[in-house]
Every structure is written in structure tokens, then in C-alpha cells.
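1. just to be clear, the model below is a prediction. Sequence and coordinates:
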Amino acid sequence: MVSNIRFRSFKDLSLEGRVPFRYLLFLVGIFALIAVSPANVLFAAAIIFGASGPIGAVMRKVRGTPQATNNEE
């Protein structure tokens, strides 16, 4: 995707080491929701992800936080 708005890439997500049990329960719940209604849940996830970039850009502009350069990805 090509955009001037920064979106979360999840490249820095680290699952090494111990992960709290509540995260496992959360993940199982997400899979259960997807199994019950895959089209609705995945559509909602796409909308939330798509809205997160512009919302984050507005929040950074309001806070005055500078945009990260390509070297900081």
C-alpha cells in the first residue's frame, strides 16, 4: 500500500519469551468470533485498521509529535 499516512506494520511485535495467559484467552476469543461470523468480523477489523492510520495522523498532529522517517521503521 502506498500512502503518506503511517499505519502500524506489526513488525516490532515480539512474541518471544512468556506471554500472559490473558493474551491466549483473547486470541481464542478472536478466533471464536471469526468462526461465528467471519465476514462481519474481518470487515470490522479492516475498517478499524483503515481508520487507525488517519486517526493516528490527526493525534500526532494535535500532539505535535514528529512523523517517523523511513529509517526508523
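-> That came through fine. Numbers count the residues shown, from 1 in each chain.
2. every contact and neighbour count from this point should use C-alpha atoms.
-> Fine.
3. tell me which residues of stretch 41-56 come out buried.
-> Residues of stretch 41-56 classed as buried: 41, 52-53 (neighbour count, 16 or more other Cα atoms under 10 Å).
4. count of residues packed around residue 38?
-> Using other Cα atoms under 10 Å, residue 38 has 13 other residues around it.
5. from residue 65, how far off is it?
-> Going from residue 38 to residue 65 by Cα to Cα, to the nearest Å gives 37 Å.
6. could you do residue 59 as well?
-> With Cα to Cα as the criterion, residue 59 and residue 65 are 8 Å apart.
7. cool, residue 45 as well?
-> 26 Å.
8. then residue 53?
-> Distance from residue 53 to residue 65, by Cα to Cα: 15 Å.
9. and residue 41, by the same measure?
-> 32 Å.
10. do residue 55 as well
-> Between residue 55 and residue 65 the computed distance is 14 Å (Cα to Cα).
11. ok, residue 2 next?
-> For residue 2 relative to residue 65 (Cα to Cα), the value is 22 Å.
12. same check, this time on residue 58
-> In terms of Cα to Cα, residue 58 sits 10 Å off from residue 65.
13. and these two? Which one has more around it.
-> The neighbour comparison of residue 58 against residue 65 (other Cα under 10 Å) goes to residue 58, with 13 against 10.
14. helix or strand with the lowest mean pLDDT in this protein?
-> helix 38-63 (a mean of 88; mean pLDDT, DSSP states H and E).
15. any figure for the gap between residue 57 and residue 31?
-> Taken as Cα to Cα, the span from residue 57 to residue 31 is 30 Å.
16. more neighbours: those two, which one.
-> residue 57 (18 against 13).
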